[in-house]
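1. 3D model of this:
(one chain, ligands or ions: 3)
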Amino acid sequence: MSSTVLVINSGSSSIKYQLIDPASGESLASGLVERIGEPEGRVEHRTGGRTTEQRNPVPDHAEGLRTVLNLFDEVGPALADAGVVAVGHRVVQGGRYYDSAVLIDDEVVDVIDRLAPLAPLHNPPNLTGIRVARELLPDVPHVAVFDTAFFRNLPEAAATYALDREVAERYNVRRYGAHGTSHQYVALKAAAMVGRPSAELRQVVLHLGNGASASAVYGGRAVDTSMGLTPLEGLVMGTRTGDIDPAVVFHLARNAGMSIDDIDDLLNKRSGLKGLTGYNDMREVHRLADGGDAEAILAVEVYAHRLRKYIGSYAAVMGGIDVLSFTAGVGENDALVRADAVAGLEFLGIEIDPERNVAPSREARYISPDGARVAVLVVPTNEELAIARQAVALL
Ligand SMILES: Nc1ncnc2c1ncn2[C@@H]1O[C@H](COP(=O)(O)OP(=O)(O)O)[C@@H](O)[C@H]1O
Ligand SMILES: CC(=O)OP(=O)(O)O
Ligand SMILES: [Mg+2]
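-> Ligands and ions are numbered 1, 2, ... in the order given. Have a look, this model is predicted:
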């Protein structure tokens, strides 16, 4: 029997999970618990080509995980017979503590808890997932794989904010990044695709999901990234502003009668595509834009404008660019966004082949024309597989 890893990614209102054979990369089961804490919850469990769906309220993450483990019992594969050697947990914020995966003990739990202010939407649910999973699966090692690990050794010039040094040091204010497991996975895969030693490659990776971030990877090492102290900075996201002038916060606090918590909620949960159009899902935004909705058309332009700014600035940071990769929900599926993101960047050697760009495929592929100076790629990310591999490597 081969060894498997159960990977858990607990988000604010969802739990995604996958049982993976890290050696072959095969996914033996996967699923999702959605709308935790809302009146109508939904659980989807996929294994062996079959999907089982349940629609019940899921009051909290503990109940959600219990439901998942029951599904493994009832529908399979039975975890007791599946050779589970570890549970791998995605944790967004590891601060300055971790540059690689770590075995979870009470001290690690304490650190993740103390770092919650630096990823307020992510670390608390990550931690709940860890607590509950350790209770329900006490006999296997649990491993934390941090989104920040790949960015732990960013050059100081990229990681440092031009803020009073003492304040920054006392309150741990610096750029930590996020989505690092995905950026690293995609950069490695892209280097293998172009067949050049990663040591000399200047890569830009665009992870465009609900949360979205860009990274500059030079010689296999992250040299800059768009998420900062928290996953709020950088690109336009489903519900987050990305970059804004910090003075917007003072302005709203002083003139709109909003509290800091109100503004936090506004910038993180009611902005981005949702703030501009009412919808956080790019598919809905396109649907509106296709119908001539001026706000949706502008939202797509704002989104793409930000992407072009980051591609250009990272090319400047690295003295050029050899590979540009698109990944995650929007990056993998949205040919329009990809085309808009590179429009006008021919001066950097970036061009795409319109037919390759729209060809339906789930595989990693080139969308630049043969012989182009910059390899433009779509590389489906697989954070779960990367987490499973890092967990077994640690053990
Ligand atoms: N066919 C598609 N076209 C455009 N956007 C898509 C498509 N499919 C999914 N998406 C976008 O991908 C997002 C989810 O991406 P994903 O990487 O799964 O995010 P997360 O891991 O943050 O939940 C959705 O919110 C949606 O906007
Ligand atoms: C860090 C982050 O933004 O993660 P997600 O995209 O899962 O929200
Ligand atoms: Mg994601």
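2. show me the strands in the stretch 201-350 of the chain, by range?
-> 202-208, 212-218, 221-225, 323-327 (DSSP state E, counting those that start in this stretch).
3. which other helices and strands contact the last one?
-> Identification of packing neighbours for strand 323-327 by 3 or more Cβ pairs under 8 Å, 6 or more residues apart in numbering; DSSP states H and E yields helix 180-194, strand 202-208, helix 335-342, strand 375-378. Glycine gets a C-beta too; all of them are placed from N, C-alpha and C.
4. in a markdown table, list those along with mean neighbour count and distance to ligand 1.
-> Output for the helices and strands packed on strand 323-327, formatted as a markdown table (neighbours: other Cβ atoms under 10 Å; distance: least, Cβ to the nearest ligand atom, whole Å):
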| stretch | mean neighbour count | distance to ligand 1 |
| --- | --- | --- |
| helix 180-194 | 23 | 9 |
| strand 202-208 | 28 | 7 |
| helix 335-342 | 20 | 7 |
| strand 375-378 | 24 | 12 |
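5. in a markdown table, list the strands of the stretch 201-350 of the chain along with mean pLDDT.
-> Output for the strands of the stretch 201-350 of the chain, formatted as a markdown table (pLDDT from 0 to 100):
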| stretch | mean pLDDT |
| --- | --- |
| strand 202-208 | 98 |
| strand 212-218 | 98 |
| strand 221-225 | 98 |
| strand 323-327 | 98 |
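6. need those strands in CSV (columns: distance to residue 160).
-> Converted to CSV, the strands of the stretch 201-350 of the chain look like this (distance: least, Cβ to Cβ, whole Å):
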stretch, distance to residue 160
strand 202-208, 21
strand 212-218, 16
strand 221-225, 12
strand 323-327, 26
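7. quick one: closest of those strands to residue 119.
-> Of all those, strand 212-218 sits nearest to residue 119, with 12.7 Å by Cβ to Cβ.
8. is ligand 2 within reach of the closest one?
-> No - Strand 212-218 lies apart from ligand 2 when judged by Cβ under 6 Å from any ligand atom; the minimum separation is 7.0 Å.
9. and that strand, which strands flank it?
-> Here strand 212-218 is paired, per DSSP bridges, with strand 202-208 (antiparallel), strand 221-225 (antiparallel).
10. minimum distance to ligand 2: which of these has it?
-> When the strands paired with strand 212-218 are compared by Cβ to the nearest ligand atom, strand 202-208 sits nearest ligand 2, at 7.8 Å.
11. tell me the angle of the closest one relative to helix 335-342?
-> Strand 202-208 and helix 335-342 are oriented at 140 degrees to each other (axes from the mean of the first three to the mean of the last three Cα atoms, to 10 degrees).
12. before we move on, back to that, in JSON lines: the strands paired with strand 212-218, plus distance to ligand 2.
-> JSON lines is the format used below for these (distance: least, Cβ to the nearest ligand atom, whole Å):
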{"stretch": "strand 202-208", "distance to ligand 2": "8"}
{"stretch": "strand 221-225", "distance to ligand 2": "11"}
